[in-house]
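K.L.:
Need coordinates for the following:
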Amino acid sequence: MGFSYRRRRSRGRSGPERFHGYHANYRHRGFDRDSTDPRAANRENPYGARPSNRGGRQQRSWSHGDVETVRKLGLPIRPDATSGSNAWTWFKVTIPSANEMGKNFIIDNLSRAIEVEFAPYCFAISSDGRATFYVQGADQASALQVMNKRITFQEGFKMIILLRQSESPPLKIDEAAVALMEAAVRRRWCPASLQLNLSNFAGDDVLKAEGIYMSLCRPNVFQRMLSIIEEKIPQVEILDLSDNRLAKLDLLGEVELHSLKRLNLAGNQVKNESELEAIRSLKLVEINLEKNPVCNQWKDREKYISAVRKRFPKLKVLDSNELPAPIGTAIDEEETVLPARQPGSVQDESVNRVLSSFVAEFFQYFDSHDRQPLLNAYHDNAIFTYSYFANTEKQSKQGKFDKYAADCRNLVKTSDEGKRLRAVKMGRLGAVSSFTSSFPQTVHDLGSLAVDSHVATAALLVFTVNGVFKELEHDEKNVPTRAFYRTFVLIPDGPSGFKIVNDQLTLTNASGSAVSNAFVNNNSLPMMTTVQPSLPSDEIKSQMVVQFSQQSDMNERFSKECLEVNNWNYERAGQVFIDLKSQGKIPPEAFVKSGF
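P.N.:
Numbering: from 1, shown residues only. Next up, the predicted model:
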């Protein structure tokens, strides 16, 4: 036997029609019965409103059109679902003791009872019997609140409907959610025109019928959707993202959609011009930004066109309007082909042998777990600096350069004179300590290295090494590939050796071709080369003792003991000193220095 409505007037008084359904001979907590005593009603319904005794007046009962009650709920008196923020406001609905009614009864009866479209999201009945779901828009919320205690079930017990304003429904991006997203992409993809229509994706009919709210304005949803597009249909030429409440576009700028030509962003929430900068890597010929707050930044349309065209120089259509041809000669970037990478150049075979040996040995130590042996490669008065710049036009999935930020000497970005000076590492200890503190573990692709010799005399060697390397302090799927340019200046040291007096390193993100060609002869990352650390010479030991004494304020005897115990590892000895000093375990005589 099913549930049905039977209309009748409420007992003993006039008023709006009340709904009554199937009756059974049992009482259930959470459903209110007809009663003339409001206190008795509240004993049956622990969630109901309590009567007020102030001034001997009881609280007014809830009825359709009760303006005061609507105000107390914080709901708009006349909600408008088509404009303003009310249409996007979310409400969480709770119905106590719903396990006896079931999901179908609740949804079917509420759908018939309210006059607006009823679209519940994330419907669930918890272990304590409460049904919860979400509705969007104040119109649905107000209509549901009107039906509080107006749908009768089981011997006059009435459905209690509780509402409160809420965040949007939760969504976990699991395998089921990804499957739904992929199915939606298949429905909305047109292979004939290479067009993907994701307009108002949250309002997708299939997702809405399933009670799932999947909005692209959520970063996790947008990121996963872009990954699906990049993996399944990278040939997309037209992408419609209108009416998705998108405010940030940085995720869109990170995907590799080389075929994308037309992008519709109308009706979103893009506010800042910087968001256009984030997607300037897209080679667009058409973009629609209508009904975005960012359009209001320019009162002059010519300035608006100029600002957008600055990011997209090949743009022909803006906001559905054809643009006049730009003044000047434009370079077609697609037809620009970079010259093939050339091998390095040196003066003669003898110089080539010296540089090849030096480069191979240098990067063997640099890529090892212990970079201390590089102390022997630098001159006492050596200078080392490095800088980086992120090329946004190139592949953007190589990760940020945050690890290198501390001592970066990019003069364009660093205006503070003090920081500029601190970024200059003086002496062999300064250079090598910078490697250990600011640089992650690396492995260089020796096959990618190109060496160019600029000066090669008996008294001076100046050459540049460029190539790529990978950072190993990441999971194997997200190992960034960096491009580097390193200029060395060497002077003779003894009959057959050289010392580095100047070392300048520049880092940037590798191009797509460099990434694809890196380590091509290996199925995986090369094994780490572990180089057994060699002890420094007596001369270097003496210099290390003097510098350690100056930095720790200990006398040279204790400084030497600290370095010896730590196998002359300067950085480890410094950390041990800091730990022991904080624990108060260093004797006072360690800080007594003999004077003259």
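
K.L.:
Confirm Val455 sits in a strand?
P.N.:
Yes. Note on Val455: a strand contains this position according to DSSP: H, G, I helix; E, B strand; the rest coil.

K.L.:
Does the closest residue to it other than its chain neighbours lie in a helix or a strand, and which?
P.N.:
Leaving aside its sequence neighbours, Val455 sits nearest to Val462 (C-beta to C-beta, 6 or more residues apart in numbering; 4.0 Å). For glycine as for every other residue, the C-beta is placed from the backbone atoms N, C-alpha and C. Assigned by DSSP states H and E, Val462 belongs to strand 461-471.

K.L.:
Can you list the buried residues in that strand?
P.N.:
Buried positions in strand 461-471, judged by neighbour count with 16 or more other C-beta atoms under 10 Å: 461, 463-471.

K.L.:
Give the other helices and strands that that strand contacts.
P.N.:
helix 349-366, strand 442-444, strand 450-456, strand 481-493 (3 or more C-beta pairs under 8 Å, 6 or more residues apart in numbering; DSSP states H and E).

K.L.:
sorry, back to before: redo the buried residues of strand 461-471 as TSV? Include distance to Glu256 and pLDDT.
P.N.:
Below are the buried residues of strand 461-471 laid out as TSV (distance: C-beta to C-beta, whole Å; pLDDT from 0 to 100):
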residue	distance to Glu256	pLDDT
Leu461	41	90
Phe463	35	93
Thr464	30	93
Val465	29	92
Asn466	24	90
Gly467	23	89
Val468	19	89
Phe469	22	89
Lys470	19	87
Glu471	21	85
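
K.L.:
want to try a markdown table for the residues you listed, with distance to Asn502 as columns?
P.N.:
Listed next are those as a markdown table, based on distance: C-beta to C-beta, whole Å:
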| residue | distance to Asn502 |
| --- | --- |
| Leu461 | 11 |
| Phe463 | 12 |
| Thr464 | 12 |
| Val465 | 14 |
| Asn466 | 17 |
| Gly467 | 20 |
| Val468 | 23 |
| Phe469 | 21 |
| Lys470 | 26 |
| Glu471 | 25 |
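
K.L.:
farthest pair in those?
P.N.:
Leu461 and Glu471 (28.8 Å; C-beta to C-beta).

K.L.:
Next up, the contacts around the residue nearest to Val455.
P.N.:
By C-beta atoms under 8 Å, 6 or more residues apart in numbering, the contact list for Val462 reads 453-456, 487-490.

K.L.:
Apply 6 Å and report the result again.
P.N.:
454-455, 489 (C-beta atoms under 6 Å, 6 or more residues apart in numbering).

K.L.:
In ChimeraX, how would I select the buried members of those?
P.N.:
Here is the ChimeraX command that picks out the buried ones among these, judged by 16+ other C-beta under 10 Å:
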select :489
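
K.L.:
With respect to Phe362, which of the contacts of Val462 is nearest?
P.N.:
Using C-beta to C-beta, those come closest to Phe362 at Val489, 13.6 Å.

K.L.:
right, and that closest one touches Val501 too?
P.N.:
Yes. Taking contacts as C-beta atoms under 6 Å, Val489 lies within contact range of Val501: 5.3 Å.

K.L.:
helix/strand/coil for the closest residue in space to Tyr388 that isn't next to it in sequence?
P.N.:
What sits nearest to Tyr388 in space, not counting adjacent residues and going by C-beta to C-beta, 6+ apart, is Leu507, at 4.0 Å. Using three-state DSSP, the three-state assignment for Leu507 comes out as strand.

K.L.:
Now for Val489 and Val501: what residues contact both?
P.N.:
Contacts common to Val489 and Val501, judged by C-beta under 6 Å, 6+ apart, are absent.

K.L.:
returning to that earlier point: just put the helices and strands packed on strand 461-471 in JSON lines and tack on distance to Lys400.
P.N.:
Below are the helices and strands packed on strand 461-471 laid out as JSON lines (distance: least, C-beta to C-beta, whole Å):
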{"stretch": "helix 349-366", "distance to Lys400": "22"}
{"stretch": "strand 442-444", "distance to Lys400": "16"}
{"stretch": "strand 450-456", "distance to Lys400": "26"}
{"stretch": "strand 481-493", "distance to Lys400": "12"}
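
K.L.:
from those, which stretch is densest packed?
P.N.:
strand 442-444 (a mean of 20; mean count of other C-beta atoms under 10 Å).

K.L.:
same for it, what does it pack against?
P.N.:
The contact analysis (3 or more C-beta pairs under 6 Å, 6 or more residues apart in numbering; DSSP states H and E) places strand 442-444 against strand 461-471.

K.L.:
CA-only coordinates of the strand it packs on in CSV, if you can.
P.N.:
Presented in CSV, the C-alpha positions along strand 461-471 are these (Å, rounded to 0.1, in the frame of the first residue of the first chain):
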residue,chain,number,x,y,z
LEU,A,461,90.4,28.8,-18.7
VAL,A,462,86.9,30.2,-19.3
PHE,A,463,84.1,27.9,-20.4
THR,A,464,80.3,27.3,-20.2
VAL,A,465,78.5,24.1,-19.5
ASN,A,466,74.8,23.7,-20.3
GLY,A,467,72.4,20.8,-20.1
VAL,A,468,69.7,19.3,-18.0
PHE,A,469,69.4,17.6,-14.6
LYS,A,470,66.7,16.0,-12.5
GLU,A,471,65.9,16.7,-8.8
